[in-house]
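S.K.: Just the structure for this:
(chains A and B)
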Amino acid sequence: MTNQTNVQRSRRSGSGDVPLQTRANTIVKAADHGTPLELSDITIRYGGGKGGAEAVSVVEGFDLTLHAGEMHCVAGRSGSGKTSILTVSAGLTLPTSGRVFWEGDSLESMGDDEIADRRRALIGYVDQGGALIDGMSALENVLLPAVPDGEVDQRRDMAKDLLDLVGLGRRMRHRPAQLSGGERQRVAIARALILGTRVLVVDEPTASLDRASANRIISILKDTTSDGIAVLVASHDHELVRLSDTLTELI
Amino acid sequence: MNAVQRFIRSRVLLLTAAILIAAMCLSVIVQSQSQAALSRTVDENSRGLYDVLVQAKAPSGAMLQPEIANGTGGITFEQLEAIRKLSGTSVAAPISLVSRVTQNLEAPRLDAMDYLGYNAGLAGTATADQAAGATAPAQWPAAESVLSDQAKKYRLTASAVSSDGVSEQTLFKSTAEGTLGKAKLVEEQAAGGSSIRIAAPSGETGIKFPAPAGGSEHNLFNLSVSLPLAPEVTESVVAVDPAAERALLGSAGDFLAPLEKAPPADARNAGAVGRYLEGLFTNGIGLDQLKDGPDFLGVKLKYWAPLMTQYQQAKRTGQLTAESQAIPLVVRSGTSLDLKYNVKIEEIDDAGKVVKDVGTVSRSLGQDYLPFVSKDPFVLSWPGSTDHTSLLGATGNFNQGLYTPAQWSTDFAAAPKYTDGKTASNGAVDKAAVPGEWVTVNRLPEKSANGAPVDQTQREPVDERSYRENLETGGKKVAAPLAMVYGTFDPSAVSKAAGDVNRLPLGGYDPTPFSLVKDPEGKDVSAAELKPSLSATGLASQSAGAITDYYGLAAARGYTQNASVIDAVRVRADAPGSWKEAQPEVEKLAAEIRSMGLEATIVAGSAREDASIFVPGYSKDDAGKESALGTVQQSWVRQNAAEAVTGSLSGTNVTLLFLTLCGAALLTGASTVSYIRKRRSEAGTLRAMGWTQRRIRSWVLEEFGVGAVLLAVAGVVLSLVSWSVATALVSVSVLVLYAAAAFFAAQQLRHRDVIDQEPQHDERLIPVDSPLTFANRQLGTNKFNTLSLAVAVGVFGAAVGGLIALLIDIPRAAGASALSGLAAASVALPSILLALSGVVVGLVLTLVTGRFELNAKRQYLGILEAMGWNPDMLRQVRLFENALVGTVALPLGVLGALGIGLLLAPYAALWAGVAGLVAVLCWIPIATKVVQ
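M.R.: You can find the predicted model right below:
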């Protein structure tokens, strides 16, 4: 079981003066939807099924309220449940108990299709290592979330701007195999922002990156908060922990 | 971790080795099952009642017509004796068509019961001692009649219809009117006393149909109305050697035993025989003799009356000469000829208006009909009548039988002659009938028996296509022969004797049935068996009306000594055992017979097979327009059917082995690519640790080596167990494939990753803007796996097509396999099991190749899900992926199925293609569901 220690910090502005998505030539202002993400009394257990394995309680009684423009960091040792909290927050897995609210609406009352549609509009999820689709260029990967709504062409310029912003304007035609780990992470972040996301959920964005690359990622994340985007990040990177507005440390 | 542990850990290699071993086992099953089935069925079933069919002419093709007795002759008795003297001959049974005998059935009549009771003074009334079995006068019942005291007016409508199973034709229809009433006894005084006679009631006009029919008359028991003439019925007579035929048929030939006892030719003088039997009757004949027939040289002639009838008739008309012979016959019991005689009886008023429908009575030729014997097959009874004639007891019957007169003709109704169509040489398809000219049939004779002109309006002659041939017999004009009936035979019992398996033609007395299967436009019709009918004649024949011996043939056709009158000789070789065991002796015997200048066809190992024959010009309407009958099916004899089965099974084996190898190659390729992908990072780590390229290669080859050893051991064991070169070849091929894959993998993994220098994404690719284009891109990225999966699905579709083709082909294969019934099933079952194995192999290949990319698929589906693609969109991606794979697999599956179909069952190839198409189309949604 993991204990939760919440640390509230004063909110700091990001590194840039101009909001990120405004700079992306597309006016996408975060509307005031209230609290974009709230976790209430979340418990996550693994095992204890038919296989006879002993149930392991990874997270118990976890609460979190994430406000717009706030970056919250979930820190903790490996296996402490950071990724689990992120996948539950993104609606990718269901908690053993507890409730997840997106803009005040509980996921319990939603079907799979509704969760998927709401996730596409609300949540940008960046996997650990920035999982991209092989065989598709960086630009195509960024545009993937726009496919279901048929807005690929409309958002092409925005995707290019986003790749410019994350420093990959000249690599947009490269495939994942031709990108470094940090570059893949940045493409994944750009992809997560393409639909005007209001909550960015990022898993270990700086792991296995050199300091310079890590700082670049952290800078991008901080910039998103200035657009009113809430960022939930799991990391044990000291710099990221230091710069986040609030922190939950899983022990 | 040693190589074995690594091999086991590497599930891909373990799975590949296991499936390849399974493929080798399949090849063993293919060999053993098919060989066993072939050996078993051929050994048990491919030897019939005789081994060699000897004819004068060579058969036109690989198919033998069913009726081998056709009157063409060509074999002499000297040649028959020479065949019998061959050391390898066990039985040589000759058969010939003797003649066609046209018989006018006795004039039909309608008997209305008009029984007058016993009257001692009435001429013809029996007394107790007049005849055996006669009823005593005191016990005769009271008079009764179906007619009224006052004569009433009736209209009788007589008609005869005959059906060939497809259409019914009215042969004639004739109407007559008149008054009929109850008879009365009239006592008249005459010199010397009084006499009693039967007289018609006053006002009775009687009923008379046009000539040659007589009128109506009252007798002791009935009022008899003579009806229009019955149609002519023609029966064939074949000649066999009774002793040889019995040896051929075994106990089923016992009906020929009386014929064996028939007197020799010099004791068959018709006049002498007639006088002998007449003398028996004149001198008094006992009840038992009357019942069972008088003894004639050790044979009780149950049906002696026809001979007596004809004897007396011939004697009266001067036909009987010193050369007239009595021909011993064993006649067929029953008939398959469809002929029905109807009389409609209506009571009418003076204006001709129907007052009362009395009823319609009819009689058909049926199982109680005996050619040459049945005297009065068309005696019809007025509704409500009772037959009182038995009150007189059993009397000698000297009424005219069938011989008024019997005409023995050599205008043989030979089996229909067909020529091959343009496209087929095996006789099974595109056959075209080549009939003779149109002939007008159903004519009435110009004069009746009493010389009166016949009213031709009673029958309307029709044009029928003649399928008959007039054959030159070269014989002299012979004296009218007399039929001497020795017994009866049941044609179905003869057919049964040949057995359900390997039933071969025994001659003209067991014709195979015809069935109409397609109409003239080629549309399928529910198979209707064609029956012999009086219109159209000749196409469908029935069993011979009678069987005689070769003395009978000589008497009927008047051939000179040792003429070539034998149509065919069926020879059984003096070699026991199965076909395989007897084959050398049979072939040697056939060669010896051929050296005599005769055609010897080895029918052992042959079987019946349906031949489709298109029959044009079957009927003609009033305007003279000809109409085709359609396509009929008849069992012919396929020579070398056992060899055909062998070839068919070998074809199946080769196809399945080829499919096995294709599957093995596909599987090995796909698994090797998957192995390389999984081990690439591991190889990189080892390189980083300082391993040399050679060491990495060894590291890979060691793992593959474990699998190779397993495959080699399995291959050796299976090859030894099956003792089959094919299995050994398959094992070696699989091993070579596996080794090639090992070297390829080692070569790929020992090198560093080559950095992709391509700087730009290829803009020519279709942009990803929908689930369909996404699926397309994913498949394009993993070309090898996509292709492997498509080929696997194609193999699956082709295998399903092959299975369907075999299933559809079973009925035909059963016919072609020497081996009908259970034997065919025993052949078909292993083939079906093997085809099922092919389907399973295709399915496993599909699953295995599909599984290689499953992890990658799960990964990107997870990414899409995280991006907010809802389940429906993800399902679309999977569906489009499978649809695209299916699009590639479709031509493979359809063409593969067509190819297999053409190889295994050409008749069902199209269905195989359709089945392949359906199988691939069905795979798409199923695979979409499975990957969920």
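S.K.: isn't B:Ala908 right next to B:Gly801, touching?
M.R.: No: B:Ala908 lies out of contact with B:Gly801 (Cβ atoms under 8 Å); the separation is 9.3 Å. Where C-beta positions appear, they are placed from N, C-alpha and C, glycine not excepted.
S.K.: check contacts around residue 92.
M.R.: Picked chain A for this. A:125, B:865-866 (Cβ atoms under 8 Å, 6 or more residues apart in numbering or on different chains).
S.K.: Not quite, go with chain B.
M.R.: Counting by Cβ under 8 Å, 6+ apart, the residues that B:Ala92 touches are B:54, B:80, B:83-84, B:244, B:569-572.
S.K.: can we see that at 10 Å?
M.R.: Applying Cβ atoms under 10 Å, 6 or more residues apart in numbering or on different chains to B:Ala92 gives the contacts B:50, B:52, B:54, B:79-86, B:241, B:244, B:247-248, B:569-572, B:593.
S.K.: Any chance of JSON lines for the contacts of A:Leu92, columns neighbour count, distance to B:Ala739 and secondary structure?
M.R.: Formatted as JSON lines, the contacts of A:Leu92 follow (neighbours: other Cβ atoms under 10 Å in any protein chain shown; distance: Cβ to Cβ, whole Å; DSSP: H, G, I helix; E, B strand; the rest coil):
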{"residue": "A:Tyr125", "neighbour count": "28", "distance to B:Ala739": "46", "secondary structure": "strand"}
{"residue": "B:Glu865", "neighbour count": "20", "distance to B:Ala739": "42", "secondary structure": "helix"}
{"residue": "B:Ala866", "neighbour count": "24", "distance to B:Ala739": "43", "secondary structure": "helix"}
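S.K.: From these, pick the one nearest B:Asn219.
M.R.: When the contacts of A:Leu92 are ranked by distance to B:Asn219 (Cβ to Cβ), B:Glu865 comes first, at 104.3 Å.
S.K.: Could you measure from the closest one over to B:Lys182?
M.R.: Distance of B:Glu865 to B:Lys182, given as Cβ to Cβ, to the nearest Å: 104 Å.
S.K.: now do A:Gly69
M.R.: From A:Gly69 across to B:Lys182, the span is 126 Å (Cβ to Cβ).
S.K.: among the helices and strands of chain A, which one scores worst on average pLDDT?
M.R.: Of all helical and strand segments in chain A, the minimum by mean pLDDT, DSSP states H and E falls on helix A:20-23, at a mean of 36.
S.K.: what's the following helix or strand after that one?
M.R.: Past helix A:20-23, further along toward the C-terminus, the next helix or strand under DSSP states H and E is strand A:37-46.
S.K.: got the buried residues for that following strand?
M.R.: Across strand A:37-46, burial judged by 16 or more other Cβ atoms under 10 Å in any protein chain shown covers A:37-39, A:42, A:44-45.
S.K.: cool, and stretch A:163-179?
M.R.: For stretch A:163-179, the buried set under the neighbour-count rule, 16+ other Cβ under 10 Å, comprises A:163-168, A:171-176, A:178-179.
S.K.: Over to stretch A:74-85?
M.R.: Neighbour counts using 16+ other Cβ under 10 Å place A:74-76, A:80-85 of stretch A:74-85 among the buried residues.
S.K.: ok so, going back, any of the contacts of B:Ala92 buried? List them.
M.R.: If you count burial by 16+ other Cβ under 10 Å, the buried members of the contacts of B:Ala92 come out as B:50, B:52, B:54, B:79-80, B:82-84, B:86, B:241, B:244, B:247-248, B:569-572, B:593.
S.K.: ok, now which ones touch A:Ser208?
M.R.: Each residue near A:Ser208 by Cβ under 10 Å, 6+ apart is listed here: A:128-129, A:181-182, A:185, A:214.
S.K.: Go again with 8 Å.
M.R.: Neighbour list for A:Ser208: A:129, A:181 [criterion: Cβ under 8 Å, 6+ apart].
S.K.: Just the pLDDT for residue 17.
M.R.: Defaulting to chain A. pLDDT for A:Asp17: 37.
S.K.: Switch to chain B, please.
M.R.: Reported pLDDT for B:Ala17: 82.
S.K.: Check whether it sits in a helix, strand or coil.
M.R.: helix (DSSP: H, G, I helix; E, B strand; the rest coil).
S.K.: Quick check: closest non-adjacent residue to it.
M.R.: B:Gly707 (3.9 Å; Cβ to Cβ, 6 or more residues apart in numbering or on different chains).
S.K.: packing partners for whichever helix or strand that neighbour is part of?
M.R.: According to DSSP H and E, B:Gly707 maps onto helix B:693-722. Where contact means 3 or more Cβ pairs under 8 Å, 6 or more residues apart in numbering or on different chains; DSSP states H and E, helix B:693-722 is packed against helix B:3-9, helix B:11-45, helix B:641-688, helix B:725-750.
S.K.: what's the least confident stretch among those?
M.R.: helix B:11-45 (a mean of 68).
S.K.: The residue of the stretch 551-700 of chain B found nearest chain A: neighbouring residues, count only.
M.R.: Taking Cβ to the nearest Cβ, chain A has its nearest neighbour within the stretch 551-700 of chain B at B:Arg677, 11.1 Å off. For B:Arg677, the count of nearby residues is 17 (other Cβ atoms under 10 Å in any protein chain shown).
S.K.: same check, this time on B:Leu297
M.R.: By other Cβ under 10 Å, the residues close to B:Leu297 number 11.
S.K.: Kindly report the same for the one 3 residues further on.
M.R.: B:Lys300 has 16 neighbouring residues, counting by other Cβ under 10 Å.
S.K.: contacting residues around the nearest residue in space to it that is not next to it in sequence?
M.R.: Spatial nearest neighbour of B:Lys300, chain neighbours left out: B:Gly293 (4.5 Å); criterion: Cβ to Cβ, 6+ apart. Residues in contact with B:Gly293 (Cβ under 8 Å, 6+ apart) are B:300-304.
S.K.: try A:Ala75
M.R.: A:82, A:234-236, A:241, A:247-250.
S.K.: Just the element for it, please.
M.R.: Assigned by DSSP H and E, A:Ala75 falls in strand A:71-76.
S.K.: Quick one: work out the angle between that strand and strand A:37-46.
M.R.: 20 degrees (axes from the mean of the first three to the mean of the last three Cα atoms, to 10 degrees).
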